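J.: This is the structure alone, sequence omitted:
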Ligand SMILES: NC(=O)c1ccc[n+]([C@@H]2O[C@H](COP(=O)([O-])OP(=O)(O)OC[C@H]3O[C@@H](n4cnc5c(N)ncnc54)[C@H](O)[C@@H]3O)[C@@H](O)[C@H]2O)c1
Ligand SMILES: O=c1ccn([C@@H]2O[C@H](COP(=O)(O)OP(=O)(O)O[C@H]3O[C@H](CO)[C@@H](O)[C@H](O)[C@H]3O)[C@@H](O)[C@H]2O)c(=O)[nH]1
């Protein structure tokens, strides 16, 4: 029997949230003890299942110092942030405060406690609308919403801090996280829920009214936005690989993580209708400010350096796992 307290501890900010909770499960399976640090503003106590929960805010240096003193982690994974494109356009200062100022406070605490390995949740929203068929790491970064700008600022801070000191870091730029744990131990649980796939499923079940399709006049084949939906469990595996790379002495780096397929809003709706056997009521709506028409990853670098090979690349699998989770939990 493995003694949990002897496992190497890793700090997981935002580990009570959607992506963070799935990563905690993968970290635990890989032999780590995830110590979740979360203010529960958007996460859930019940999603913290594989290690202790420390309730606190990344903008609070004293709370961070207490947790780092108590647990002495070998590395950190940083998910805590606000993460909604539309909300960031409406309330940008809260995004700069939480995502930029909060991360700087965390970085100072990690430096003080000599935690030198950090995996950061970045996003494809840092690119803006590059206009190329797929997005590789080195394309120009011109974010078109405050959310993307906050994440790009953090990448700049990490680059500079890494060059000036001992910090080694990996920024994982996810495209659209989707699906949920097929064992149904954790899932996507936001209130209110802004994301497309859960909202489509809620509309199918009659839990919300008709689904608003934000824009039908984009320069895309069916006029709706194209996104690259990537299964949250595949993202979780990439985090474990990135952490191990850093703990093994590997170099800092940035990686784009997607399933490398463009899927439109209408295609998500069609997949949901196939999976559920239900019709999804829809309504044409205006474009949502801040939305680029198309975001699709080139994940070749992650494939070669992190052995990133999505297990659940089909949109139907992502929708099916999200559907099973919703039916049992919401
Ligand atoms: N979901 C996606 O498609 C996606 C895509 C790209 C990047 N990301 C990034 O991944 C990370 C996780 O996203 P998510 O979808 O799981 O979001 P989420 O809202 O489900 O999880 C974020 C967690 O962080 C916590 N948190 C927020 N501010 C905090 C603070 N100041 N102090 C402590 N805890 C705080 C919340 O309570 C929540 O549990 C975010 O950094 C997000 O920007 C997400
Ligand atoms: O009710 C809805 C909800 C969404 N959409 C559209 O569906 C697409 C996907 O939207 P959503 O699920 O809200 O995801 P994004 O706005 O693409 O943002 C997610 O994906 C980004 C990467 O693309 C991450 O950085 C963000 O954290 C994450 O929230 C977009 O074109 C939206 O306009 C609708 O048409 N109707």
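T.: Received, thanks. Since this is a predicted model, take the numbers as computed values, not measurements. Ligands and ions are numbered 1, 2, ... in the order given.

J.: do the longest helix belonging to the chain and ligand 2 meet at all?
T.: As assigned by DSSP state H, the longest helix anywhere in the chain is helix 146-164. No - between helix 146-164 and ligand 2, judged by CB under 6 Å from any ligand atom, nothing touches; the nearest distance is 6.6 Å. C-beta here means a position set from N, CA and C on the backbone, and glycine is covered the same way.

J.: Show me what secondary structure element comes after that helix.
T.: Proceeding N to C from helix 146-164, the next assigned helix or strand is strand 168-174, under DSSP states H and E.

J.: Near residue 122, how many other residues are there?
T.: When neighbours are counted by other CB atoms under 10 Å, residue 122 registers 24.

J.: Equivalent analysis for residue 209, please.
T.: Neighbouring residues of residue 209 were enumerated by other CB under 10 Å; the total is 10.

J.: The helix or strand hosting residue 34 pairs with which strands, and in what direction?
T.: Secondary structure assigned from DSSP H and E places residue 34 in strand 33-38. Applying DSSP bridges to the sheet, strand 33-38 is found paired with strand 9-13 (parallel), strand 53-55 (parallel).

J.: Those strands: which one's closest to residue 175?
T.: With respect to residue 175, and counting by CB to CB, the nearest of these is strand 9-13 at 21.3 Å.

J.: I figured residue 52 was touching residue 38, is that so?
T.: No - counting by CB atoms under 8 Å, residue 52 stays clear of residue 38, with 11.2 Å between them.

J.: Name the residues of the stretch 101-250 of the chain found near ligand 2, please.
T.: Contact residues, the stretch 101-250 of the chain versus ligand 2 (CB under 6 Å from any ligand atom): 123-125, 175-176, 194-196, 199, 211-214, 225, 227.

J.: Would you list the buried entries among these?
T.: 123-125, 175-176, 195-196, 199, 211-214, 225, 227 (16 or more other CB atoms under 10 Å).

J.: Any chance of a markdown table for the residues you listed, columns distance to residue 319 and secondary structure?
T.: Below are those laid out as a markdown table (distance: CB to CB, whole Å; DSSP: H, G, I helix; E, B strand; the rest coil):
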| residue | distance to residue 319 | secondary structure |
| --- | --- | --- |
| 123 | 21 | strand |
| 124 | 20 | helix |
| 125 | 22 | helix |
| 175 | 16 | coil |
| 176 | 12 | strand |
| 195 | 12 | coil |
| 196 | 10 | helix |
| 199 | 12 | helix |
| 211 | 13 | strand |
| 212 | 18 | strand |
| 213 | 16 | strand |
| 214 | 19 | strand |
| 225 | 17 | coil |
| 227 | 13 | strand |
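
J.: Looking at the residues you listed, which is nearest residue 163?
T.: Of all those, residue 123 has the smallest distance to residue 163: 22.5 Å, by CB to CB.

J.: My guess is that closest one contacts residue 149. True?
T.: No - at 10.9 Å, residue 123 does not count as touching residue 149 under the criterion of CB under 8 Å.

J.: Okay, strands next: where are they in the chain?
T.: Along the chain, the stretches classed as strands by DSSP state E are 9-13, 33-38, 53-55, 75-78, 117-123, 168-174, 176-178, 211-214, 226-227, 229-231, 253-257, 263-264, 282-285.

J.: Count the residues that sit near the closest residue to residue 38 other than its chain neighbours.
T.: Among residues not flanking residue 38 along the chain, residue 16 sits closest, at 4.0 Å (CB to CB, 6 or more residues apart in numbering). For residue 16, the tally of surrounding residues (other CB under 10 Å) stands at 28.

J.: Am I right that residue 273 is in contact with residue 279?
T.: Yes - applying CB under 8 Å, one finds residue 273 in contact with residue 279, separated by 6.3 Å.

J.: okay, those two: which has more neighbours?
T.: In this comparison of residue 273 against residue 279, neighbours counted by other CB under 10 Å, the higher total goes to residue 273 at 15 against 11.

J.: which ones are touching the more buried one?
T.: Going by CB atoms under 8 Å, 6 or more residues apart in numbering, residue 273 touches 204, 279-280.

J.: Among those, which lie within helices?
T.: Members of these lying in helices (criterion: DSSP H): residue 204.

J.: hmm, back to that, what about the strand holding residue 34, distance to the chain center?
T.: How far strand 33-38 lies from its chain's middle: 16 Å, per CA atoms, centre = their mean, to the nearest Å.

J.: list the buried ones in that strand?
T.: Those would be 33-38, for strand 33-38 by 16+ other CB under 10 Å.

J.: Of these, which are in range of ligand 1?
T.: residue 38.

J.: Now tabulate the buried residues of strand 33-38 in CSV and tack on pLDDT.
T.: Listed next are the buried residues of strand 33-38 as CSV, based on pLDDT from 0 to 100:
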residue, pLDDT
33, 98
34, 98
35, 98
36, 98
37, 99
38, 99
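
J.: Now flag whichever of the buried residues of strand 33-38 is closest to ligand 1.
T.: Set against ligand 1, the nearest of the buried residues of strand 33-38 by CB to the nearest ligand atom is residue 38 (4.4 Å).

J.: who's in contact with the closest one?
T.: With contact taken as CB under 8 Å, 6+ apart, residue 38 is in contact with 13-17, 20, 48, 53-56, 80.

J.: All set, thanks.
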